[in-house]
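> Provide a 3D model corresponding to the input given below.
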Amino acid sequence: MSYTQEQLQKFAELLKKSKKIACLTGAGMSTESGIPDYRSSNGLYNTMTSEEVFDIDRFNDEPDAFYKVIGPLYSSIVEAKPNSGHLALHELEEKYHKNISIATQNIDGLHQKAGSKKVYEVHGTMSTLTCQKCGINDTATVHLDEFKQGKTLQCKCGGIFKPDITFYGEMLPEEAYVSALQAFRNCDLAIVLGTSLVVYPAAALPSHRMSNVPLVIINKSETSMDGEAELVFNASIGEVMTETLKLMD
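Numbers count the residues shown, from 1 in each chain. All right, here's what the predicted structure looks like:
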């Protein structure tokens, strides 16, 4: 265990005192649900970087290459269930009546599956698709078999469907990002969960909290904001959140 009981107790006290909690979650939030972390050395892409896979120009030039790689990821997303970390955030909302806002860099919808109400998908979602030719929308689950086979998804008009995720080279979804920004500006506790804070502008969200607002980071590796955090846990999100909630009553 890479943390102390005193740290857990301090985290519990911060949670008890807070009313508006803003969270930023990244890939590490979902690995405990079996979804690969495509940034780690043992992640999904051992031959390509995530920047290559999710580059919008590359997608437009070679959609076949994208779908061959993304198929296994989408299958794992569909089958994944919220883990104890997701459920703990929902419990803070339901049992302890905290106002929880979650800005997530993840595209898996697991926070919504766990029951969280305010989820801002700042990197978009894998659940829907948009045809790049005619603009029609579709639901990704309808194409599950094609995803599993690594097939390129084509619209009836002949255009290519693109998942509604934010590729490198694209702007973040404005409504989600503005809502996330507002949540951090108004919060009385900021929590970073499972992100190394290297992908901007989402990584800058916690820095928009008021100067007197404490920051808690739970991530297995170091982050650029560790030095300004009240607490840092280099441990499992589910474990830390579950143990902390036991101290809330």
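> And the strands in this structure?
20-25, 99-104, 118-121, 124-131, 137-139, 161-165, 189-193, 215-218, 231-233 (DSSP state E).
> OK, contacts around residue 131?
Neighbour list for residue 131: 137-138, 155, 157, 159-162 [criterion: C-beta atoms under 8 Å, 6 or more residues apart in numbering]. Just so you know, the C-beta spots here come from the backbone N, C-alpha and C atoms, and that holds for glycine as well.
> one step back: of all the strands of the chain, which one is nearest residue 65?
Proximity to residue 65 (C-beta to C-beta) singles out strand 161-165 among the strands of the chain, at 13.4 Å.
> Give me the residues contacting that closest one.
54, 59, 63, 70, 74, 107, 123-132, 137-138, 140, 143, 153-155.
> what's the average pLDDT for the helix ranked longest in the chain?
Across the chain, the longest stretch assigned as helix under DSSP state H is helix 63-79. Averaged across helix 63-79, pLDDT comes to 86.
> are any of the contacts of strand 161-165 buried, and which?
54, 59, 63, 70, 74, 107, 123-127, 129-131, 138, 140, 143, 153, 155 (16 or more other C-beta atoms under 10 Å).
> what are the ranges of the helices in the protein?
Taking DSSP H as the test, the helices found in the chain are 5-17, 27-30, 50-53, 56-61, 63-79, 84-94, 110-114, 144-148, 174-186, 237-245.
> Out of these, which gets the lowest mean score?
Among those, helix 50-53 has the lowest mean pLDDT, at a mean of 69.
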